[in-house]
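>>> sharing a model that was predicted from the sequence below.
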Amino acid sequence: MRTRIAALIAAGLLATTATGFATGSEAVAQESCATVTSSDEGICYLPATVNLNSGGWKNTGLAVELQPGTYHLDLDVQGRLWGRAPINAWIFARLVNTTEGTVVPGSQRMINHLQSNNRGDGAIGHRDTTPIQERIEVETPTRIELQAMSSYAYSRTTIAEIRSDGNSRTSLRWERV
């Protein structure tokens, strides 16, 4: 009897969760943005997953155009790595002032790291979300964009990407202070 009750509860939770994922996916479509001309505060989401090539920085398209002032920027960046052991690979992300062509100082973060020296591990993967929080001051209208790259010490990854989908989103929040 307990097994049946547990099965019914599990089925109910699964149905509720599945519905939540569908709703989340619809929300992504409504709230996603590429470059947004800012108000004093806001949030936008990376519209789609971005595949990364090893060794070079890639613009993700997640950007905001800030008007003159001081801002707090708060990003949640989700990275996913997948490959076959032995492997040692990373994803890095940073903020770039594309108006001036400069990196926002101190904004680079390691988003994800995947390492295994055991060939017996076979295919392995890891998904992680890392915050980037910075305070910046801009004197003229300025476009800030998220860039990312993957890198490896040995054994290339099968998948290296910045994720954004109905289950979890890469986001950019800003607030004038």
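Received, thanks. Numbering: from 1, shown residues only.

>>> what number of residues lie near T49?
As a burial measure, T49 scores 15 neighbours (other CB atoms under 10 Å). To be clear about C-beta, it is placed using only N, CA and C from the backbone, and glycine gets the same treatment.

>>> ok, it touching N167?
No: look at T49 against N167 with CB atoms under 8 Å: they stay out of range, at 11.1 Å.

>>> neighbours of the closest residue to T142 other than its chain neighbours, how many?
Nearest non-adjacent residue to T142, counting by CB to CB, 6 or more residues apart in numbering: T99, 4.6 Å away. By other CB under 10 Å, the residues close to T99 number 15.

>>> T140 now?
Counted with other CB under 10 Å, residues neighbouring T140 total 9.

>>> just checking, it touches G69?
No: using CB under 8 Å, T140 is not in contact with G69, being 10.7 Å away.

>>> low-scoring stretches of the chain, by residue?
Along the chain, the parts satisfying pLDDT under 70 run over 1-38.

>>> give me the domain ranges for it.
If you go by automatic domain parsing, the domain ranges for the chain are 1-31, 33-176.

>>> tell me which of the ones you listed sits most buried.
Each of the domains of the chain was scored by mean neighbour count; the highest is domain 33-176, a mean of 17, by mean count of other CB atoms under 10 Å.

>>> surely I132 meets S107?
Yes: counting by CB under 8 Å, I132 touches S107, with 5.9 Å between them.

>>> now do the shared contacts for those two.
Contact criterion CB atoms under 8 Å, 6 or more residues apart in numbering; residues shared by I132 and S107: 94-95.

>>> helices of the chain, start to end?
2-31 (DSSP state H).

>>> in it, which spans are strands?
35-37, 41-45, 50-51, 58-66, 69-84, 87-97, 102-103, 109-116, 123-138, 142-154, 159-163, 171-176 (DSSP state E).

>>> and the angle from the last one to strand 41-45?
Interaxial angle of strand 171-176 relative to strand 41-45 (axes from the mean of the first three to the mean of the last three CA atoms, to 10 degrees): 170 degrees.

>>> can you show me the CA trace of strand 171-176 as CSV?
The C-alpha coordinates for strand 171-176 follow below in CSV (Å, rounded to 0.1, in the frame of the first residue of the first chain):
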residue,chain,number,x,y,z
SER,A,171,20.4,36.3,-16.9
LEU,A,172,21.6,39.9,-16.7
ARG,A,173,20.2,42.3,-14.1
TRP,A,174,21.2,46.0,-13.8
GLU,A,175,20.3,48.7,-11.4
ARG,A,176,21.3,52.4,-11.3
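
>>> that'll do, ta.
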